[in-house]
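**Q** sequence and predicted model, in that order:
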Amino acid sequence: MNKNKISKVISRSGLIWGLFFLLVPVLILSSSSNSRAAPPLPEDTDHTEPPLPLQQDKVVFETISLPPEAQFMPVDLTASKQVSKHPKLDSALANVAVGANLSTTEALSRAGAESLRVSDSQVHVQIITHPSGLENVLQALTEAGGTVTGVSNETSLIQGWLPVSALETVAAQSDVYYIRRPVEAVLLENLKVGSSTTEALDDINATAWHAAGYTGTGVKVGIVDGGFIGYTGLLSTDLPASVTVRNFVDGETDAQVGTTTEHGTACAEVVHDMAPGAQLYLVKIATNLDLQEAVTYLIGQGVDIISTSLGWYNLTPGDGTGEFTNLVTQARNNGILWTTAASNDREAHWGGLYNDPDSDDYHNFNGTQEVNYFGSGDGSAYSIPSGYIIRVFLRWNDWTSVNQDYDLYLLRWNGSNWATIASSTNNQNGGVGQSPTEYVIGITTGSSAPYGFVVERWSSTWNVNFEIFAPKVARLDELLYARSLSNLADAPNAMTVAALDVTSPYPQESYSSEGPTNGPGGAETGGSIKPDISGYANVSTESYGAGGFDGTSAATPHVAGAAALVLDANPTYTPAQLQSFLEDHAIDMGSPDKDTIFGYGRLYLDVPSSGPETNYLYLPLILKSPSMTAAQPGFWSDPGKNDFYVTTDSANVAQFKTYFSVSGCGSYSIYRTVLDPITNNHFSFTGSYYASGMFNSSKTASGTCGLSNFSIPGCGVVSGGPWSWSATWQTSTQPTFFPATLVEPEVVEPATESGYPVTIVTPVK
């Protein structure tokens, strides 16, 4: 660390937004084009007045050339810092606490400048504690004049209101680990009206399912979102005649579900178009704690599917662990399939290791470039007009020790150098409750100008991996497509949805976030493949008009609605079976099998189901030894051919795998856990199957020869062959009548039934 850093303290933005309420950082995932954006205007701070109108049309930013010196950060960046880092308050609340020492008016003014939600003389907060200290903290908060609005499932997080004058007093309590701003929703909508149905119905083949009588009847779908403006006017038309509503936003009632944004209404419209018979639950939230309460409620209502077009930043490492993973797993264990948006940050994200070749404590994004600005990627910068909200989120992989300290600054180019307009300088010194995250928010003012950000090393001993997100403004000059998923999208049991254009050939939307997830602890490598499937964007709704609903926000409710149709046809399906059905029937759009751009591919339902699948598959499993007799139990003999061992004891069977090969098309594998016994030399199973393979299009392969009504994605209708299959059988316990000696595995001269060749392999034991 530079010796000059010893005297550095936190700088403050001079912007005062006392009349504005800005919701932070749950992201509502309707996209903004990364080279086009509409100014997101802020709301009131007390959250009681209706939101201000938003600009209806997206604006193309002009670009300007920056001089070479704009790559570097001025040495005097932190010269005007005013207060030191607080060990238990995030930097925004620390600024408010300093103001409270002067006057309540000054504290509230600083809260406005930090875009914190306030009510009278109280500020909205989340307090991190531990279960055994919960009661003490609740008592301290109440005695300080605060109000508790919620406690997390783990009883280690409290949400509520705290007088600005009591911030330092409550923070001083030994059972208080940390006090932070709550994580709340970002709102950015295009207010358009029109009349239409999502254009994706035919692309998904949902209309054929409707014609077959599957409409989602009896299925309950919960749409969790930041608001549902206009939903009452769409009942009995673009929404069901009646819906159930619930509001978990602090300070609001259920009657205010229809406020803040029409984003949730558009999501509900898509679900209703897809599954017009489904029962809808419209649930409004703002924070991560609200989401926990909403899920508990939906579980109690017996909901089958949850759809969230929301994402968070800076709450988990992005590696598929943490509070969202726990919540999604809780929902799945209660029979709920959770579909969620991948996010729209493909061109609004940068990730990589801290790099400081000139040892000035400023991270270099590329070569000598220390400032990452919004730009077209060719070196020119976007000139952003007044009135835009800019948010930048930074996290790094130090979630266990939390002693690597970095700071984040939002900058404006004034024509000759970069000026700081906002900063985030949280303390990361190993204190309990701290997190390796920073977050800045600023509003553009004055004449149009370039904006960017810089990461400064405060104190560290190793080069961490950064993940930086700057959503809903424009593309970044320096960016990374990979690992651009928001929190929640990385949860293993969430069905994560990417976005395609609804028009054939269904190209990837440029904003659609890509995987993989982060590696363990937020590492750069070692992550898992996400998203899981791709849905459709640029579709029509009443809320957004013709073709106006885009983003992974629009893609996700298509998947939720499709799941409702499948569950209508297969009411005994588990969430895993539902997800497998949708993934198995998806049309591959990228590299073979699952990839980090499209998942398993484009959402497609194939032919309508006739109810729960009951397929019969002949299983010639083990080549018969010549010494074995046909009279031995468990044998099937084909006259003139080899004899094969089968078992009618399902307790001895763990699973089977079947390989399919179609000439000129590729191969496919089907995995199935055995639930039912063999009857008359047929293997019967119900439900979905797990598949992988290399067929290239949306056609189906089907046939007889023990493969009745079995549909898999293929490269042509293969009802007449030639195609072949082989199977392996895995036993959990070896039957007593297994032969003592088995012949070595070999391929038998193909025995045929109905003209189909059969290849035999030895079972896996």
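**A** Happy to help now that I have it.

**Q** for this structure, what spans make up the helices?
**A** With DSSP state H as the criterion, the chain has helices at 91-100, 104-113, 134-143, 167-171, 201-204, 206-211, 263-274, 288-300, 323-333, 551-569, 575-585.

**Q** buried residues in the third one?
**A** It refers to helix 134-143. Neighbour counts using 16 or more other Cβ atoms under 10 Å place 134, 137, 138, 140, 141 of helix 134-143 among the buried residues. To be clear about C-beta, it is placed using only N, CA and C from the backbone, and glycine gets the same treatment.

**Q** cool, the fifth one as well?
**A** If you call a residue buried by 16+ other Cβ under 10 Å, then helix 201-204 has these buried ones: 201, 203, 204.

**Q** who touches it?
**A** If you take Cβ atoms under 8 Å, 6 or more residues apart in numbering as the criterion, helix 201-204 is touched by 207, 273-274, 502, 504, 506, 536, 558, 562, 602-605.

**Q** for these, which single residue is the most surrounded?
**A** With neighbours set by other Cβ atoms under 10 Å, the maximum within the contacts of helix 201-204 is found at residue 558, which has 33 neighbours.

**Q** I'd like to know how many residues surround the closest residue to that one other than its chain neighbours.
**A** Leaving aside its sequence neighbours, residue 558 sits nearest to residue 535 (Cβ to Cβ, 6 or more residues apart in numbering; 4.1 Å). Burial of residue 535, expressed as a neighbour count using other Cβ under 10 Å, amounts to 32.

**Q** who does residue 535 form a beta bridge with?
**A** On the basis of DSSP bridges, residue 535 is bridged to residue 499.

**Q** make JSON lines out of the contacts of helix 201-204 and add pLDDT and distance to residue 253.
**A** Converted to JSON lines, the contacts of helix 201-204 look like this (pLDDT from 0 to 100; distance: Cβ to Cβ, whole Å):
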{"residue": "207", "pLDDT": "94", "distance to residue 253": "39"}
{"residue": "273", "pLDDT": "97", "distance to residue 253": "29"}
{"residue": "274", "pLDDT": "97", "distance to residue 253": "30"}
{"residue": "502", "pLDDT": "96", "distance to residue 253": "37"}
{"residue": "504", "pLDDT": "93", "distance to residue 253": "45"}
{"residue": "506", "pLDDT": "95", "distance to residue 253": "42"}
{"residue": "536", "pLDDT": "97", "distance to residue 253": "34"}
{"residue": "558", "pLDDT": "98", "distance to residue 253": "31"}
{"residue": "562", "pLDDT": "98", "distance to residue 253": "33"}
{"residue": "602", "pLDDT": "96", "distance to residue 253": "41"}
{"residue": "603", "pLDDT": "97", "distance to residue 253": "36"}
{"residue": "604", "pLDDT": "95", "distance to residue 253": "41"}
{"residue": "605", "pLDDT": "93", "distance to residue 253": "39"}
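
**Q** quick one: buried residues of stretch 573-586?
**A** Neighbour counts using 16+ other Cβ under 10 Å place 573, 575, 577, 578, 579, 580, 581, 582, 583, 584, 585, 586 of stretch 573-586 among the buried residues.

**Q** next: stretch 459-472.
**A** 460, 464, 465, 466, 467, 468, 469, 470, 471, 472.

**Q** next one: stretch 512-532
**A** The neighbour-count check on stretch 512-532 (16+ other Cβ under 10 Å) flags 512-519, 521-522, 524, 527, 530-532 as buried.

**Q** specify which member of those residues is nearest to residue 335.
**A** Within these, proximity to residue 335 (Cβ to Cβ) peaks at residue 532, which comes in at 18.7 Å.

**Q** show me what contacts the closest one?
**A** Contacts for residue 532 (Cβ under 8 Å, 6+ apart) come out as 495, 496, 497, 579, 583, 594, 599, 600.

**Q** report the two of those separated the most.
**A** Farthest pair in these (Cβ to Cβ) is 497 and 594. Separation: 13.5 Å.

**Q** more neighbours, these two?
**A** Each of residue 497 and residue 594 has its neighbours counted (other Cβ under 10 Å); residue 497 has more, 33 against 20.

**Q** surely the more buried one touches residue 341?
**A** Yes: Residue 497 lies in contact with residue 341 (Cβ atoms under 8 Å); the separation is 5.8 Å.

**Q** so what sits against both of these two?
**A** When contacts are counted by Cβ under 8 Å, 6+ apart, the set common to residue 497 and residue 341 consists of 552, 555, 556.

**Q** nearest to residue 237 among these?
**A** The closest of the shared contacts of residue 497 and residue 341 to residue 237 turns out to be residue 556 (Cβ to Cβ; 22.3 Å).

**Q** let me know the pLDDT of the closest one.
**A** We have a pLDDT of 96 for residue 556.

**Q** swap in residue 417?
**A** pLDDT, read off for residue 417, is 90.

**Q** quick one: closest of the helices of the chain to residue 161.
**A** When the helices of the chain are compared by Cβ to Cβ, helix 134-143 sits nearest residue 161, at 8.9 Å.

**Q** just the buried residues of the shared contacts of residue 497 and residue 341.
**A** Here, 16+ other Cβ under 10 Å leaves 552, 555, 556 buried among these.

**Q** in CSV, list these along with distance to residue 382.
**A** Listed next are these as CSV, based on distance: Cβ to Cβ, whole Å:
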residue, distance to residue 382
552, 23
555, 26
556, 28
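
**Q** quick one on the thing from earlier: redo the buried residues of helix 134-143 as JSON lines? Include pLDDT and distance to residue 313.
**A** Formatted as JSON lines, those follow (pLDDT from 0 to 100; distance: Cβ to Cβ, whole Å):
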{"residue": "134", "pLDDT": "96", "distance to residue 313": "27"}
{"residue": "137", "pLDDT": "96", "distance to residue 313": "26"}
{"residue": "138", "pLDDT": "96", "distance to residue 313": "28"}
{"residue": "140", "pLDDT": "95", "distance to residue 313": "30"}
{"residue": "141", "pLDDT": "95", "distance to residue 313": "27"}
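
**Q** reformat those residues as CSV; add distance to residue 407.
**A** Converted to CSV, these look like this (distance: Cβ to Cβ, whole Å):
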residue, distance to residue 407
134, 31
137, 28
138, 32
140, 30
141, 29
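
**Q** quick one: which of those is nearest to residue 488?
**A** Nearest to residue 488 out of the buried residues of helix 134-143 is residue 134 (Cβ to Cβ; 25.2 Å).

**Q** grab the nearest non-local neighbour of that closest one.
**A** Closest residue in space to residue 134, ignoring its immediate chain neighbours: residue 155 at 5.1 Å, by Cβ to Cβ, 6+ apart.

**Q** hang on, the one you found packs against residue 132?
**A** No: the criterion here is Cβ under 8 Å, and residue 155 misses it with residue 132 at 9.1 Å.
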